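1. prediction below, plus the sequence it came from.
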Amino acid sequence: MPLALVTSCAAAAHPPVAGHRTSPTPVLNPVVTPALVGHATTFASRDSGSLSTALPVGTSVGDVVVSYIESHSFASVRCNERWTRVIDLAKRGGARLVACIIADTGNPPEPVAQVSPPGE
């Protein structure tokens, strides 16, 4: 098992909320089921403190990109600038799983995570 693993994938986003900017009581559009966009990309390393993958091919404005980082439970994981960490789960003596997300607004940064100590 690699000591650090990053997988990034993208899905089409839900449609915008109707009247969100103009109405104090917005009306929701019908729910759209997210769809996988492109293929997941993976990076694995035993000694790197900076993990990165390319954005999945086919992402476009409005897509939500998710980057999963797996490492040892005692490692510290930090998401790239503009990415938001939404999951950080660790099992003592086991693994840590972190998920970072970003909405594609036209020029999202590639998924990058910092793991400390490096290689952990």
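-> Ah, there it is.
2. in the chain, which spans are strands?
-> 4-11, 36-45, 50-52, 64-72, 76-79, 84-90, 95-103, 112-116 (DSSP state E).
3. nearest to residue 58, of those?
-> Nearest to residue 58, of all the strands of the chain, is strand 36-45, at 3.7 Å by CB to CB. Every residue, glycine included, has its C-beta placed from N, CA and C.
4. got the strands of the chain as JSON lines, with mean neighbour count columns?
-> Listed next are those as JSON lines, based on neighbours: other CB atoms under 10 Å:
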{"stretch": "strand 4-11", "mean neighbour count": "22"}
{"stretch": "strand 36-45", "mean neighbour count": "16"}
{"stretch": "strand 50-52", "mean neighbour count": "18"}
{"stretch": "strand 64-72", "mean neighbour count": "22"}
{"stretch": "strand 76-79", "mean neighbour count": "18"}
{"stretch": "strand 84-90", "mean neighbour count": "13"}
{"stretch": "strand 95-103", "mean neighbour count": "19"}
{"stretch": "strand 112-116", "mean neighbour count": "19"}
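5. and these as JSON lines, adding distance to residue 58 and mean pLDDT?
-> JSON lines is the format used below for the strands of the chain (distance: least, CB to CB, whole Å; pLDDT from 0 to 100):
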{"stretch": "strand 4-11", "distance to residue 58": "7", "mean pLDDT": "52"}
{"stretch": "strand 36-45", "distance to residue 58": "4", "mean pLDDT": "81"}
{"stretch": "strand 50-52", "distance to residue 58": "19", "mean pLDDT": "84"}
{"stretch": "strand 64-72", "distance to residue 58": "11", "mean pLDDT": "88"}
{"stretch": "strand 76-79", "distance to residue 58": "22", "mean pLDDT": "92"}
{"stretch": "strand 84-90", "distance to residue 58": "22", "mean pLDDT": "92"}
{"stretch": "strand 95-103", "distance to residue 58": "16", "mean pLDDT": "91"}
{"stretch": "strand 112-116", "distance to residue 58": "20", "mean pLDDT": "88"}
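6. understood, closing this out.
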